[in-house]
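Enquirer: Next one to model:
(chains A and B)
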Amino acid sequence: MKIKQAVVLALVLGFVCFQSSRAEAAESSGTAAQKEGKLIIYSSTDSASVEPLLQDFKSVYPFLQVEYNDLNTTEMYNRFVAESASGSGTADFMWSSAMDLQIQLASKGNALTYASPEISALPKWAVWQNQAYGTTFEPVSIAYNKRLLPADAVPQSHADMIRLPKEKPDLFKEKIATFDPEKSGVGFLMMTQDAKIFPQFWDLAKVLGSSGAKVYTSTGAMLEKVGSGEHYLAYNIIGSYVLLRQKKDPAMGLVLPKDYTLVFSRVAFISKTARNPNAAKLFLDYILSKRGQTVMSEKSLIYSLRSDVPGNITAAGLTKELGKALKPIDVNTDILAGLEQNKRLEFMKQWQAALKR
Amino acid sequence: MNRALRSLAVIGVALVVFGPLGLIFYQSFLSEAFFSPTAHFSFEAYRYVLTDSGFHSAFGTSLLVSSGMTLISVPLGSVLAFLLARTDLPGKKWLEPWLLVPIFLSPVVLAFGYVVAVGPVGFFSLWAKALIGRVPWNLYSLFGLVLIAGLTHVPHAFLYVSSALRSLDPAVEEAARVAGAGVWRIAVTVSLPLVLPSILFSASLIFLLGFELFGLPLVLGDPAGLLVLTTYLYKLTNLLGVPSYHLMAVVALSIVALTFPLVYLQRRMLRTAGRFAVIGGKGQAFRPLPLGVLRWPAVFLLVLWLAVTVLLPLVGVTLRSLVSSWGEGIKLSEVLTLDHFRELMVYPNLVRGIVNTILIGAIGGALAVVFYAIVGLAAHRWQSRWVSFLDYLVMLPRALPGLIVGLAFLWVFLFFKPIAPLRTTLFSLWIAYTVVWLAYGLRLISASLLQVKPELEEAARVTGARQRLVYRDVTLPLIRFGIIGSWLLIFMMFVREYSTGVYLLGPGTEVIGSLIVSLWGTGALDLISALSVIEVGLVGFILFIALRLGVRLHA
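Expert: From the prediction side, this is the model:
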């Protein structure tokens, strides 16, 4: 009896100590952040969808003045490297959907090593050396026009993407849109992952070519044209954008391919030369926290990463629906193989050839 | 005084032009980013770009697009300018402000407006399809691109030529008329040849702008697989994974190299500036030339141009801002909504973006014109090699494509330490804009200056006025309409400009252009359309008030 009590007591005490030390750690970076008073973020997530997150973050840390720079991924990269090199100060916090560029920056020593207290709640593949963190769990989907594409012609898998346009060439002629891997880094990343996972990827590419698919540089243009019926479906679209669109256009359909669904994650890191590193730590902890991830899923309609956040627009929701078919793109240096010049040009060449038939 | 002014102008312009350009030149001979510690001297970038077949075909397409659009916009713009400035065209007061719409609308939005109106499933295309069973045009073609680029650049030619025409002494036209020439003949043989400097300036600028086009080819050319130099440049930012600055620098310099033959040609054709001085000592009341039977065909021409160039995209954009979805299988009456405007009202930073845009346009534009006027006066009646040096110089920044000029200015403000503190202020944005539109503003002012006959200034000098007084009391008042005209033009350029300042903008300095780009990323084209409608309304309102208050576009 006594032993049991002692064990329980010890456990409770240990837990309390652990909790309080955790709280202390947060406390101390909180005080340091208060001194900094400011946080500079470069991000490719647009201001409108990030607004709920920022509002909630500010309500927790009202003493921080957040400077949020909404840039496209290339601009972000260009700005960061030049500012770092000139030594005149740059972003404290970098948050971008160009996974490869982010990892490249981190691997070249631009990221601060910081073990977020939230790490234990994150999947292993989403953290690289306590420097770069995946923050979202976004399925790469097929968007289609419900009004114009008959139900039996909606592809449910990658195999369907090969089969259906072959079966119904007239229906699909010039009606498929996808990323131009030559001009879009995100598009390139998705296609190289496809090629890795899906053995018939090059058949798929050839079908895209023979059906006269059009290639684009922005998700926005593709979704707009799927909505209008200039195209019927768009291949390899980040699911979160389709959700945003569905809010306004009931005819926008979303398919998560059943055979496998790539999962893409916006990558964040704290700049090594950050002037406000503590504020940046608070923000990283916040967006990885249950609270932040819940806001992300519910208000910003971005698929959240943590498995303990309930709902549909979450990792848990997706896992329930797709289980093992989910194929996350790991946040690690494997991704950099795609930046290797010769391999990259080789891929582009093959893509060009496939598209031209 | 004059000497000091002149050296100051040459040195000042050289500094602001060679700063960014020099960096790009230097960058083109390196193996990677110039600030990278491992960068070394190399011709690799030249070797790669100049032997890349993609570059050759993109250059060819650009050349075609540029020449085509110059051939469309300059003659049409000149004729429209003559009609509005010199004749009794009915309703011209009301039509004129509409002419300027394509100038301040962001090119991506303009292109998108065309997609909504006459794209494969555009509103008008679907009507045409319902009527005759097919869509008789293809927006996504080289022809479509050239035509739209040409038509939407008519205002550039128009503004130059008409401001020159307004200060033309009516006596010369009157003489031709008395001698029995018809209106058309007067236009072609008297008025337009007299403003040849302005026509040529606008032609070479439009030609350069053709190489610099980005939004139009991206939206209209991409689906057809058309690659122009700027979209090729865009490809280079991604092709090798990380932006390849050295390759981009080489492509940018290839466009810069084009300015030399262009300016040379222009200078040859204008060797004797004295021929064009027609603001003489004797004033004469201006009476519009009667168009006679040409009256209605002329109105028709103007209205047709307005319909295709202004109405079509504007209707497209406006419709898009009022519907939740559009295209094939949609009934317009079921999708009408004002939601996008409501949503926009709560969009973060919107109000600040609008205010900043107007500030940079109105005040920044005015300051820029002051700078242009000073440089213009410095070069005025100066027989020197330095003037030809200036002629080449001012064209250079405009030849840099938007994608790279923004980077160049970021680099300048980062790595030239004395001006580094300016980077985070609107002042850096102002400098960048002013430099990029240098050729534009300066040409407008120097074209007006060319028209002042020396006799007027000499008269002042003979009566004992010093140079400064001559400028203040004679020269400047005579070209005041040119100055006001160029301010309005620069205002609109600055309102639309985005790419030049993209890396200098931050929270607090947002402009409408940056909001549009950020919305474009997520595909919020409904919001972009609503924002553009607000922009058109706003600039239109300002124009209207300005005209009401007696600011006249021209004399």
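
Enquirer: Give me every residue in the stretch 51-200 of chain A lying close to chain B.
Expert: Residues of the stretch 51-200 of chain A lying near chain B by Cβ under 8 Å from any Cβ of the partner chain: A:51, A:67-70, A:72, A:74-75, A:77-79, A:81-83, A:85-86, A:88, A:100-101, A:104, A:147-148, A:180, A:182-185, A:188. No exception for glycine: its C-beta is placed from N, CA and C like everyone else's.

Enquirer: Point out the ones among those residues that are inside strands.
Expert: The strands, defined by DSSP state E, take in A:67-70 from those.

Enquirer: Spatially central, which residue of chain A would that be?
Expert: A:Ser265 (2.6 Å; Cα atoms, centre = their mean).

Enquirer: quick one, what contacts it?
Expert: Each residue near A:Ser265 by Cβ atoms under 8 Å, 6 or more residues apart in numbering or on different chains is listed here: A:99, A:126, A:134-138, A:305, A:328-329, A:331.

Enquirer: If you drop the residues flanking it in sequence, what lies closest to whichever residue of the stretch 401-550 of chain B sits closest to chain A?
Expert: Residue of the stretch 401-550 of chain B nearest chain A, by Cβ to the nearest Cβ: B:Gly523 (2.7 Å). Among residues not flanking B:Gly523 along the chain, A:Gly220 sits closest, at 2.7 Å (Cβ to Cβ, 6 or more residues apart in numbering or on different chains).

Enquirer: Looking at residue 309 now. What's its pLDDT?
Expert: Using chain A here. Confidence at A:Val309, expressed as pLDDT, is 94.

Enquirer: actually chain B
Expert: Value listed for B:Thr309 in the pLDDT field: 90.

Enquirer: So what touches stretch B:321-339?
Expert: A:147-148, A:227-230, A:248-249, A:251, B:116, B:121, B:123, B:126, B:319-320, B:340-341, B:526, B:529-530, B:532-533.

Enquirer: And these, which of them are buried?
Expert: Buried members of the contacts of stretch B:321-339, scored by 16 or more other Cβ atoms under 10 Å in any protein chain shown, are A:147-148, A:227-230, A:248-249, A:251, B:116, B:121, B:123, B:126, B:319-320, B:340-341, B:526, B:529-530, B:532-533.

Enquirer: The single longest helix found in chain B: which residues count as buried?
Expert: Scanning chain B for the helix with the most residues, using DSSP state H, yields helix B:53-86. Residues B:55, B:58-59, B:61-66, B:68-70, B:72-86 are the ones in helix B:53-86 that count as buried (16+ other Cβ under 10 Å).

Enquirer: and what of stretch A:145-154?
Expert: A:145-149, A:153-154.

Enquirer: How far off centre is it?
Expert: The chain centre lies 28 Å from the centre of stretch A:145-154; the measure is Cα atoms, centre = their mean, to the nearest Å.

Enquirer: Give me the residues contacting that stretch.
Expert: Under Cβ under 8 Å, 6+ apart, the answer for stretch A:145-154 is A:144, A:164, A:168, A:171-172, A:226-227, A:229, A:231-233, A:250-253, A:255, B:328-330.

Enquirer: Over to stretch A:334-342?
Expert: A:99-100, A:103-104, A:107, A:188-189, A:192, A:329, A:343-344, B:240-242.

Enquirer: what does stretch B:111-125 give?
Expert: A:228-230, B:105, B:135, B:137, B:139-140, B:148, B:215-216, B:218-220, B:312-317, B:319-320, B:326-328, B:525, B:528-529, B:532.

Enquirer: Filter those down to the buried ones, PyMOL style.
Expert: To isolate the buried members of those in PyMOL, using 16+ other Cβ under 10 Å:
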select buried, (chain A and resi 228+229+230) or (chain B and resi 105+135+137+139+140+148+215+216+218+219+220+312+313+314+315+316+317+319+320+326+327+328+525+528+529+532)
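
Enquirer: Select from the contacts of stretch B:111-125 every entry located in helices.
Expert: A:228, B:148, B:215-216, B:312-317, B:319-320, B:525, B:528-529, B:532.

Enquirer: Closest one to A:Lys356 out of the residues you listed, please.
Expert: B:Leu216 (25.0 Å; Cβ to Cβ).

Enquirer: ok, now which ones touch that closest one?
Expert: Contacts of B:Leu216 by Cβ under 8 Å, 6+ apart are B:107, B:110-111, B:145, B:148-149, B:152.

Enquirer: what packs against the helix or strand of chain B with the lowest mean pLDDT?
Expert: Within chain B, no helix or strand scores below helix B:512-522, which has a mean of 76 by mean pLDDT, DSSP states H and E. Counting contacts by 3 or more Cβ pairs under 8 Å, 6 or more residues apart in numbering or on different chains; DSSP states H and E, helix B:512-522 is packed against helix A:47-60, helix A:219-228, helix B:107-118, helix B:350-359, helix B:525-548.

Enquirer: Kindly present these as a markdown table, with separate columns for mean pLDDT and distance to B:Phe29.
Expert: What follows is the helices and strands packed on helix B:512-522, written out as a markdown table (pLDDT from 0 to 100; distance: least, Cβ to Cβ, whole Å):
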| stretch | mean pLDDT | distance to B:Phe29 |
| --- | --- | --- |
| helix A:47-60 | 91 | 39 |
| helix A:219-228 | 90 | 36 |
| helix B:107-118 | 88 | 32 |
| helix B:350-359 | 84 | 37 |
| helix B:525-548 | 82 | 40 |
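
Enquirer: Can you lay out these as CSV showing distance to B:Val387?
Expert: Below are the helices and strands packed on helix B:512-522 laid out as CSV (distance: least, Cβ to Cβ, whole Å):
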stretch, distance to B:Val387
helix A:47-60, 47
helix A:219-228, 46
helix B:107-118, 33
helix B:350-359, 34
helix B:525-548, 33
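
Enquirer: Relative to B:Arg385, which of the ones you listed is closest?
Expert: Taking the helices and strands packed on helix B:512-522 one by one with Cβ to Cβ, helix B:107-118 is closest: 37.3 Å.

Enquirer: Following the chain past the helix or strand of chain A with the lowest mean pLDDT, name the next helix or strand.
Expert: For chain A, the helix or strand with the lowest mean confidence is helix A:2-36, at a mean of 63 (criterion: mean pLDDT, DSSP H and E). Using DSSP states H and E, the helix or strand that directly follows helix A:2-36 along the chain is strand A:38-43.

Enquirer: Give me the contact status of that following strand with chain B.
Expert: No - applying Cβ under 8 Å from any Cβ, one finds strand A:38-43 out of contact with chain B, separated by at least 8.9 Å.

Enquirer: Could you list every helix and strand that that strand packs against?
Expert: strand A:65-70, helix A:73-86, strand A:93-96, helix A:277-288.

Enquirer: by contact count, what packs against the longest one?
Expert: Using 3+ Cβ pairs under 8 Å, 6+ apart as the contact criterion, the elements in contact with helix A:73-86 are strand A:38-43, strand A:93-96, helix A:99-105, helix A:185-197, helix B:402-415.

Enquirer: averaging pLDDT over each of those, which comes out lowest?
Expert: helix B:402-415 (a mean of 87).

Enquirer: mind saving the C-alpha coords of that helix as PDB?
Expert: The C-alpha trace of helix B:402-415 is given here as PDB (Å, rounded to 0.1, in the frame of the first residue of the first chain):
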ATOM      1  CA  GLY B 402      10.100  44.000 -63.800                       C
ATOM      2  CA  LEU B 403      11.100  40.600 -62.400                       C
ATOM      3  CA  ILE B 404      14.700  41.700 -62.200                       C
ATOM      4  CA  VAL B 405      14.500  45.400 -61.700                       C
ATOM      5  CA  GLY B 406      12.800  44.800 -58.300                       C
ATOM      6  CA  LEU B 407      15.700  42.600 -57.300                       C
ATOM      7  CA  ALA B 408      18.200  45.000 -58.500                       C
ATOM      8  CA  PHE B 409      16.800  47.800 -56.400                       C
ATOM      9  CA  LEU B 410      16.600  45.500 -53.300                       C
ATOM     10  CA  TRP B 411      20.300  44.700 -53.900                       C
ATOM     11  CA  VAL B 412      21.200  48.400 -54.300                       C
ATOM     12  CA  PHE B 413      19.400  49.400 -51.100                       C
ATOM     13  CA  LEU B 414      21.000  46.500 -49.200                       C
ATOM     14  CA  PHE B 415      24.600  46.600 -50.300                       C
END
